[in-house]
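Novice: Prediction below, plus the sequence it came from.
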Amino acid sequence: MSERVKALLFGAVALLVAIPASAQVGHDPATSPYNDLEYNQEFTLLGGRLRTRHDPASIAPQSATMLGVRYELTLAGPLALSSDLFGASTTRNVVDPLKPAKTRDIGTQQNLEIGADIALAMNLTGRKSWHSLVPQIRGGVGLIRNAAKDDSSGFAIGTPIAFTYGVGVKYVPGGRLQLRADLSDHVFKLAYPDSYYRLASDNTSVLDVGSPKSFYTHHTALTIGASYLFAK
């Protein structure tokens, strides 16, 4: 997801907050665009696209379709405790970094990526919906697990800590069902082994010596989901 798209989405959420905040005062309850949120817990099935980013060597997992679940528990006022669990079947390019450039590519490898997090979420319209919409922001910490590994080169992802943040919008028409759409980012550290910087017999290397050996990368998810609401 490009930085421009992120900026537009954050701006849209800000607009959703500003409009109801300015309109809330002076409304007759019978004609008010606000409705109380009846339930304190929700369980969501979600699916979407996981986009992987910033991989100069082009050997990390690539973008993939993802599926997951989210549990959310209202704490007090607009705040909620939120937890995600998701999985994606990823594909990556496998290389032997010590071979010449023409014979370096070995093939592809498929690995399951699993992510889990716990976060605080805040409904920007409080304990009410506005025209059945509830914009939300979310931030927390979790883990990313991917079995991608090369024994020959020493590359592995393992289970790094991931910081997560995002924005979303719920559509709450009433009753026990709701729909939601979310944009979230999982930020974690990726490292390349020394072999990716060594010269092969043709005097080429996968990466220049000046390239960083470890850096933060992003797995950005755009998802839609259907929620079951319960517990008043």
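Specialist: Arrived safely.

Novice: ok, the nearest residue in space to Asp202 that is not next to it in sequence - how many residues close by?
Specialist: Distances taken as CB to CB, 6 or more residues apart in numbering place Pro100 nearest to Asp202, at 3.9 Å, with adjacent residues excluded. From N, CA and C alone the C-beta is placed, and that goes for glycine too. Applying other CB atoms under 10 Å, we find 12 residues neighbouring Pro100.

Novice: Kindly report the same for Asp150.
Specialist: 18.

Novice: now do Thr159
Specialist: 12.

Novice: With Phe86 instead?
Specialist: 25.

Novice: Then Ser32?
Specialist: Count around Ser32 with other CB under 10 Å applied: 13.

Novice: pLDDT score for it?
Specialist: If you check Ser32, the pLDDT there is 86.

Novice: ok but it is inside a strand, no?
Specialist: No: assigned with DSSP: H, G, I helix; E, B strand; the rest coil, Ser32 falls outside any strand and is coil.

Novice: where does this structure dip in pLDDT?
Specialist: Scanning the chain for pLDDT under 70 picks out the ranges 1-30.

Novice: Centre of it to the edge, which residue is at the far end?
Specialist: Ser201 (40.5 Å; CA atoms, centre = their mean).

Novice: Please could you give me each C-alpha atom of the longest strand anywhere in the chain, formatted as CSV?
Specialist: Longest strand of the chain, by residue count under DSSP state E: strand 105-123. The C-alpha coordinates for strand 105-123 follow below in CSV (Å, rounded to 0.1, in the frame of the first residue of the first chain):
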residue,chain,number,x,y,z
ASP,A,105,18.4,-18.4,-8.9
ILE,A,106,17.4,-21.8,-7.5
GLY,A,107,13.6,-21.6,-7.7
THR,A,108,10.7,-20.7,-5.3
GLN,A,109,9.7,-21.8,-1.9
GLN,A,110,6.3,-21.7,-0.3
ASN,A,111,5.8,-21.0,3.4
LEU,A,112,3.0,-20.4,5.8
GLU,A,113,3.1,-17.0,7.5
ILE,A,114,1.2,-16.6,10.7
GLY,A,115,0.8,-13.3,12.6
ALA,A,116,-0.8,-12.6,16.0
ASP,A,117,-1.1,-9.3,18.0
ILE,A,118,-2.8,-7.6,20.9
ALA,A,119,-3.7,-4.0,20.6
LEU,A,120,-5.7,-1.1,21.9
ALA,A,121,-8.4,0.2,19.6
MET,A,122,-10.4,3.4,19.9
ASN,A,123,-13.7,4.2,18.3
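
Novice: Distance from the chain centre to that strand, please.
Specialist: Averaging C-alpha positions (CA atoms, centre = their mean, to the nearest Å) puts strand 105-123 8 Å from its chain's average.

Novice: List the strands paired with it, with their directions.
Specialist: strand 79-95 (antiparallel), strand 133-149 (antiparallel) (DSSP bridges).
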